[in-house]
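Visitor: Provided below for reference: sequence and predicted model.
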Amino acid sequence: MCLTLRAVAAALRNLGDGEAELPLPHVAETMAQASVRGARGNSGMMLSQFLLGFREGIGQRLRINARELAAAIGIGFERLSSSLDEPMEGTILTVAREAADEADRAEGESDLRVFISRIVHRAEQSLARTPELLAALKSAGVVDAGAKGFVRLFDGVKRLIEEGQIAEGAVDRMAESSNAAAQTEVEADRDYRYCTELMVRGPTLPDAAAVRKALRAHGGSIVVLETGDLLKAHVHTDAPEAVFQLAATWGTLESTKADDMRAQHQALQARRPVAFVTDTACDLPDELVLQYDIGLVPMQLIVDEHAYRDRVELTAAEFFHRLRAGLDASTSQPAPQAFNDAYQDAVRAGDHVVAVTVSSGLSGTYANAVAAAKRFDPAGSRLTVVDSLSASLGQGLLVLRGVELAAAGWQPGAIVRELERVRAQSGGFFTVDNFERLVRSGRLGRGRAWLGTKLNLKPVMSLTIEGKIEPVGRARGQDGARRRLLELLDQALTPRPKGLRLGVAQGDIPEFAEALRAELVARYRPMQCLVMPITPVIAAHAGIGAWGVFYQIEDGTKAETARYD
């Protein structure tokens with residue numbers, strides 16, 4: 001579902017930046033065609049069917065009202081429903097049907113916000129009932145993933161209508177119960193091995209019904225998409241090559257895929273000795289969060305009296321856009337329940353959980369993480385919370401060290417002791433471009449801020465051993481601040497450590513940060529040097545133009561130190 005929607009989003013972005021109005025039929029056609037080409041998996045194929053029907057319902061209308069929009073949603077559902085060889089309740093089919101039904105009921109609404117809110121509310125209710133309709137979902141304790149994706153799609157439309165903002169690049173997987181379904185036993189006699197997909201192009205393709213009939217001899221879970229001279233099919237089978245040979249008789253076979261679902265299932269069931277959880281103040285890039293399956297607990301951000309989950313519902317790029325527009329923001333730590341949810345997910349993947357939080361000297365997040373841990377694991381045998389005494393990439397680098405130690409076979413207690421040792425010989429320095437955010441957050445008085453602005457002074461600050469912020473100097477202008485910060489960093493890294501990681505965090509100044517990264521790599525030859533935009537909860541206090549360098553010294557361990565390439 002996610003991959004399919006990414007293909008749609010990319011195609012829409014390619015239409016332009018929104019400065020010129022585009023005809024509605026053209027936009028709908030772009031969505032539908034992109035969904036066909038980008039469809040992945042069963043739910044992605046089903047979503048594509050819905051969008052093809054929705055495009056048909058739009059027709060050539062340049063503007064539509066609620067009644068016409070309801071009709072288009074209804075046609076989308078009808079196409080989805082008719083495409084299924086074995087319709088199954090408790091899936092996206094159920095949620096799409098109830099969403100279409102509510103759209104039909106709400107066709108008289110004059111306010112589009114009310115119209116879409118009713119659909120989302122009904123879809124959410126339908127999603128919550130999916131476990132009662134499908135035994136596998138109920139036994140795993142989860143809702144249907146495709147159905148949830150469908151609800152998220154409509155919820156995104158609702159947010160866009162209400163707020164006029166588009167969130168870009170949010171983390172794809174946060175602290176959700178993602179591995180629960182992996183614990184469900186699969187009945188081998190009823191389950192095919194390969195999730196198979198193919199795309200065929202030709203001037204005289206067979207119709208979808210004929211394709212479904214032909215594929216039944218090879219497997220199940222059949223979904224067929226057909227639009228123009230393009231046909232795409234999804235089938236679960238034990239003989240993907242036979243399916244591909246069959247498809248080649250229909251036209252030119254453009255692409256094929258066959259994933260071993262049993263191998264995927266076994267991989268999900270494989271438990272790790274240690275799983276990691278952290279909060280969004282860590283500033284780790286999405287790809288590392290996903291690669292290492294790190295549970296990420298979103299902190300809270302309040303912008304214009306609206307609460308957002310940091311990095312999930314509001315990304316750094318969008319937040320900086322809002323700051324430049326003059327909007328104010330405040331922050332709040334995650335509730336203990338948010339950590340409880342992340343712990344629930346982590347224990348499905350690992351025998352022991354290590355949670356690394358933003359410094360207790362900067363936020364109440366650590367206290368909430370500990371409170372949740374005591375309720376979740378009263379004996380303290382399966383869960384350990386570590387105070388990073390840092391933030392941003394100082395916190396993130398510590399998490400990465402823990403992940404590496406776990407992969408190397410270290411026991412949980414030894415990992416925690418090593419993280420505490422590394423933490424004690426690591427640190428960071430940072431500066432801000434202006435004092436506005438510090439004044440708004442109450443960290444600096446207006447008089448001192450006014451004087452600093454007049455003199456073009458840039459404060460240079462560091463993290464203390466207790467995990468608090470203290471000023472260590474000031475300089476005139478960005479160049480002066482850069483020279484002073486690098487002097488302090490050079491002192492901290494003398495003598496030169498052999499095992500060193502660096503992180504550059506930046507507040508919407510990517511070119512400066514990349515240039516700084518190149519200089520740091522040439523000077524210190526670290527094992528790793530990450531560059532990341534600061535997450536919104538940190539940007540709310542530091543502001544646009546803020547930047548910092550975090551260092552992590554790992555000397556003294558038995559681990560090998562690979563040089564940075």
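Guide: Great, that's in hand.
Visitor: all helices for the stretch 451-565 of the chain, in order.
Guide: Here the stretch 451-565 of the chain has its helices, by DSSP state H, counting those that start in this stretch, at 477-492, 510-524, 536-542.
Visitor: To Met46, which of these lies closest?
Guide: Nearest of these to Met46, taken as C-beta to C-beta: helix 536-542 at 33.6 Å. Any C-beta I mention is one placed from the backbone N, CA and C, and that applies to glycine too.
Visitor: Mean neighbour count, the helices of the stretch 451-565 of the chain: which tops it?
Guide: Mean neighbours per residue, mean count of other C-beta atoms under 10 Å, is largest over the helices of the stretch 451-565 of the chain for helix 536-542, with a mean of 25.
Visitor: Check which helices and strands the host helix or strand of Val8 sits against.
Guide: Using DSSP states H and E, Val8 falls within helix 2-13. Using 3 or more C-beta pairs under 8 Å, 6 or more residues apart in numbering; DSSP states H and E, the elements in contact with helix 2-13 are helix 24-38, helix 41-58, helix 145-163.
Visitor: hang on, the earlier thing: make CSV from the helices of the stretch 451-565 of the chain and add mean pLDDT and distance to Glu466 to it.
Guide: Converted to CSV, the helices of the stretch 451-565 of the chain look like this (pLDDT from 0 to 100; distance: least, C-beta to C-beta, whole Å):
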stretch, mean pLDDT, distance to Glu466
helix 477-492, 90, 17
helix 510-524, 94, 26
helix 536-542, 86, 18
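Visitor: nearest to Ala242, of the ones you listed?
Guide: Between the helices of the stretch 451-565 of the chain, helix 510-524 lies closest to Ala242; by C-beta to C-beta that is 50.1 Å.
Visitor: export the closest one as PDB, just CAs?
Guide: Extracted C-alpha coordinates of helix 510-524, given in PDB (Å, rounded to 0.1, in the frame of the first residue of the first chain):
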ATOM      1  CA  PRO A 510      21.700  21.800   4.100                       C
ATOM      2  CA  GLU A 511      24.500  23.300   1.900                       C
ATOM      3  CA  PHE A 512      26.300  24.600   4.900                       C
ATOM      4  CA  ALA A 513      25.900  21.300   6.700                       C
ATOM      5  CA  GLU A 514      27.300  19.300   3.700                       C
ATOM      6  CA  ALA A 515      30.300  21.500   3.400                       C
ATOM      7  CA  LEU A 516      30.900  21.200   7.100                       C
ATOM      8  CA  ARG A 517      30.600  17.400   6.900                       C
ATOM      9  CA  ALA A 518      33.300  17.300   4.200                       C
ATOM     10  CA  GLU A 519      35.600  19.300   6.300                       C
ATOM     11  CA  LEU A 520      35.000  17.100   9.400                       C
ATOM     12  CA  VAL A 521      35.600  13.900   7.400                       C
ATOM     13  CA  ALA A 522      38.900  15.200   6.000                       C
ATOM     14  CA  ARG A 523      40.100  16.400   9.400                       C
ATOM     15  CA  TYR A 524      39.100  13.600  11.700                       C
END
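Visitor: Which residues does that helix contact?
Guide: Applying C-beta atoms under 8 Å, 6 or more residues apart in numbering, the contact partners of helix 510-524 are 478, 482, 493, 496, 500, 502, 504-506, 526, 529, 531, 533, 547, 549, 564.
Visitor: would Asp351 count as being in a strand?
Guide: Yes: the assignment for Asp351 (DSSP: H, G, I helix; E, B strand; the rest coil) places it in a strand.
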